[in-house]
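1. need coordinates for the below:
(4 chains)
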There are 4 protein chains.
Amino acid sequence: MESRLAPEWSVSRWFNTGAETPTLASLRGRVVMLHAFQMLCPGCVQHAVPQSIKVAETFVHADLVVVGMHTVFEHHHAMGADALAVYLHENRIRYPVGVDAHEDGHAIPLTMRAYGMQGTPTLCLVDRRGMLRRQHFGLLDDLRLGAEIATLLAESP
Amino acid sequence: MESRLAPEWSVSRWFNTGAETPTLASLRGRVVMLHAFQMLCPGCVQHAVPQSIKVAETFVHADLVVVGMHTVFEHHHAMGADALAVYLHENRIRYPVGVDAHEDGHAIPLTMRAYGMQGTPTLCLVDRRGMLRRQHFGLLDDLRLGAEIATLLAESP
Amino acid sequence: MESRLAPEWSVSRWFNTGAETPTLASLRGRVVMLHAFQMLCPGCVQHAVPQSIKVAETFVHADLVVVGMHTVFEHHHAMGADALAVYLHENRIRYPVGVDAHEDGHAIPLTMRAYGMQGTPTLCLVDRRGMLRRQHFGLLDDLRLGAEIATLLAESP
Amino acid sequence: MESRLAPEWSVSRWFNTGAETPTLASLRGRVVMLHAFQMLCPGCVQHAVPQSIKVAETFVHADLVVVGMHTVFEHHHAMGADALAVYLHENRIRYPVGVDAHEDGHAIPLTMRAYGMQGTPTLCLVDRRGMLRRQHFGLLDDLRLGAEIATLLAESP
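-> Okay, the predicted model is just below:
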């Protein structure tokens, strides 16, 4: 099994970041969990987002960065940045969340295309060297996800 | 314990209805479960709405009418009718859902005020005579909810 | 749909009862939920027994009698009355539980045979007139179970 | 934080083993998850044992050994080896399970005492060098447990 370098993110707007917005390049050396979601996708809202919040809490003292990516590929008018801001506030999401950037004429946003994601929710794990070690469409069991994250964390920087 | 007549609904727009839109008056003789929600309220999305969908399925052959009421009292710009349409579609909600009507200058919509609801989710049970027999803010256990609905169904029309 | 009279119970020993031990005849006029289980049956222990405990709590003020029946039809040596006593104590089961009586040479005990139960867990609902209105092998959803109990409770004594 | 060498097990009878029965000494070089339980302890039966079964399945291709220890410290008559055999069979537990050995006059068995366990369920993680790296009374979240196991697995033998 070989992995490729995780494609850099294309983000039109960030939430929960300071002046410096995150890039994969700037996070090199750390483990990154990227979870792609849509705020009106039931599987995301009911399972994947609560799991991501729990990951962020569980690994708060570990060298893991949790990042959300709002990869809207349908019903764009109902999931704009203003609506997302409310969603993040109501769900008390504190980690950085980017809005996946759209190119004119394409329903599917740029980051989603670069990763070849099939839909939402999709979970990606990027190792300390920036390699995309795991990409999963759908839900991952907590036991397995915890193990996969810890495995990457255990690798030497 | 006494109950009062359930206040009539004030709805600016209905979804999942035909030409005839539902009123409490027109449903007299049947049992009505009204669930008030907001599409970006986490407790609604994760628990109350899935429970209401399950009630509608479980009692499909009973003389029960399930009605949703979108009682938006905060973040109005993010939960407009277009966004609600997407939410209903994505969550496969087939029963009638009304948008609680707003009066200029009031954040809290009319039906919500008439019932004195404290927030979302709120569940109301109306008996065959139109009396408001139960109003509950928060979540109700399935066992108890099933029993309360059946108790009202067992009353003679 | 017709129901038959619920067969009387054959019990070799009762737990959680006083001097007067329950019979279906003595409970006529009340609704009875009988749950048949084995203390080493995983589906019983993980789902049916906790549900029965919850039913007893939820309907504590209603005219419902919850009764457990230990219908051991396999591994008899491991599920004797002494072991059952520990099980009831550890799980804080307070309602009456009977040990289904065995006849020499039959693995399947008498009550289980009289009801024609297919296995454990099995749930039976007996109405106020003593009729067996529901017999279900496996698990029943809380919403449906609550409704079925309340429907029988609503029938006039 | 320092850890001590995990005490060797004192077992009066093994289930699910071949001619060679497991010892901590013989497992040196591998990661070991020991879960101490009692077959009539509700928290064990409803949560800890199902979690251990899931761990064994999830890490089936990893260098992890899951071992159960039946640490009976109360109601000894109801949880003998014959009853345990039925319990293991009914719950389809395939990994090795030992009966913690009793010394005359002591309610608490030897392994339980050697580890200073407070009750059941208790979960222990032993690293490749035989050190007791984690001992937890009660339930551990799946996400955290998966991570802790993987962290030990990632250590060089």
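2. let me know the outermost residue of chain A.
-> A:G105 (23.8 Å; C-alpha atoms, centre = their mean).
3. so A:A25 sits right up against A:E8, yeah?
-> Yes: taking contacts as C-beta atoms under 8 Å, A:A25 lies within contact range of A:E8: 6.7 Å. Yep, even glycine has a C-beta here, placed from its N, CA and C like the rest.
4. what about stretch A:45-53, start to end distance?
-> Counting by C-alpha to C-alpha, to the nearest Å, you get 11 Å between the two ends of stretch A:45-53.
5. and it with chain B, contact?
-> Yes: Stretch A:45-53 is in contact with chain B by C-beta under 8 Å from any C-beta of the partner chain, via A:V45, A:Q46, A:P50.
6. now do the buried residues in that stretch.
-> A:V45, A:Q46, A:A48, A:V49, A:Q51, A:S52, A:I53 (16 or more other C-beta atoms under 10 Å in any protein chain shown).
7. before we move on, what about stretch A:103-112?
-> In terms of neighbour count (16+ other C-beta under 10 Å), stretch A:103-112 has its buried residues at A:P109, A:L110, A:T111, A:M112.
8. part of a strand, is the third one?
-> So the one you mean is A:T111. No: the assignment for A:T111, made by DSSP: H, G, I helix; E, B strand; the rest coil, is helix rather than a strand.
9. where does chain A dip in pLDDT?
-> A:1 (pLDDT under 70).
10. so where do the helices sit in it?
-> A:42-43, A:49-58, A:81-90, A:110-115, A:142-153 (DSSP state H).
11. quick one: distance of stretch A:150-157 to the chain centre.
-> 19 Å (C-alpha atoms, centre = their mean, to the nearest Å).
12. and A:V45, what is it in contact with?
-> For A:V45, the contacting residues are A:F37, A:M39, B:V45, B:Q46, by C-beta atoms under 8 Å, 6 or more residues apart in numbering or on different chains.
13. show me the contacts for the residue nearest to the last one when sequence neighbours are not counted.
-> Spelled out, that is B:Q46. For B:Q46, ignoring the flanking residues on the chain, the nearest one in space by C-beta to C-beta, 6 or more residues apart in numbering or on different chains is A:Q46 at 5.6 Å. Residues in contact with A:Q46, defined by C-beta under 8 Å, 6+ apart, are B:V45, B:Q46, B:P50.
14. rerun at 10 Å
-> A:L139, B:P42, B:V45, B:Q46, B:H47, B:V49, B:P50, B:N91 (C-beta atoms under 10 Å, 6 or more residues apart in numbering or on different chains).
15. got the buried residues for stretch A:18-29?
-> Neighbour count says stretch A:18-29 has A:P22, A:L24, A:L27 buried, by 16+ other C-beta under 10 Å.
16. who touches it?
-> Applying C-beta under 10 Å, 6+ apart, the external contacts of stretch A:18-29 come out as A:5-9, A:11, A:13-14, A:32, A:34, A:63, A:65, A:67, A:95-96, A:98, A:126-130, A:132, A:157.
17. where do the strands sit along chain A?
-> A:4-5, A:11-15, A:31-37, A:64-70, A:97-100, A:122-126, A:131-137 (DSSP state E).
18. strand partners (parallel or antiparallel) of the first one?
-> I take that to be strand A:4-5. Using DSSP bridges, the strands paired with strand A:4-5 are strand A:131-137 (antiparallel).
19. need the contact partners of the partner strand.
-> Strand A:131-137 has contacts (C-beta under 10 Å, 6+ apart) with A:1-7, A:24, A:31-36, A:115-127, A:140, A:144-145, A:148-149, A:151-152, A:155.
20. could you rerun that using 6 Å?
-> The contact list for strand A:131-137 (C-beta atoms under 6 Å, 6 or more residues apart in numbering or on different chains) reads A:S3, A:R4, A:A6, A:Q118, A:G119, A:T122, A:L123, A:C124, A:L125, A:V126, A:D127, A:E148.
21. reformat these as JSON lines; add neighbour count.
-> Output for those, formatted as JSON lines (neighbours: other C-beta atoms under 10 Å in any protein chain shown):
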{"residue": "A:S3", "neighbour count": "15"}
{"residue": "A:R4", "neighbour count": "9"}
{"residue": "A:A6", "neighbour count": "22"}
{"residue": "A:Q118", "neighbour count": "10"}
{"residue": "A:G119", "neighbour count": "16"}
{"residue": "A:T122", "neighbour count": "22"}
{"residue": "A:L123", "neighbour count": "23"}
{"residue": "A:C124", "neighbour count": "21"}
{"residue": "A:L125", "neighbour count": "23"}
{"residue": "A:V126", "neighbour count": "25"}
{"residue": "A:D127", "neighbour count": "20"}
{"residue": "A:E148", "neighbour count": "21"}
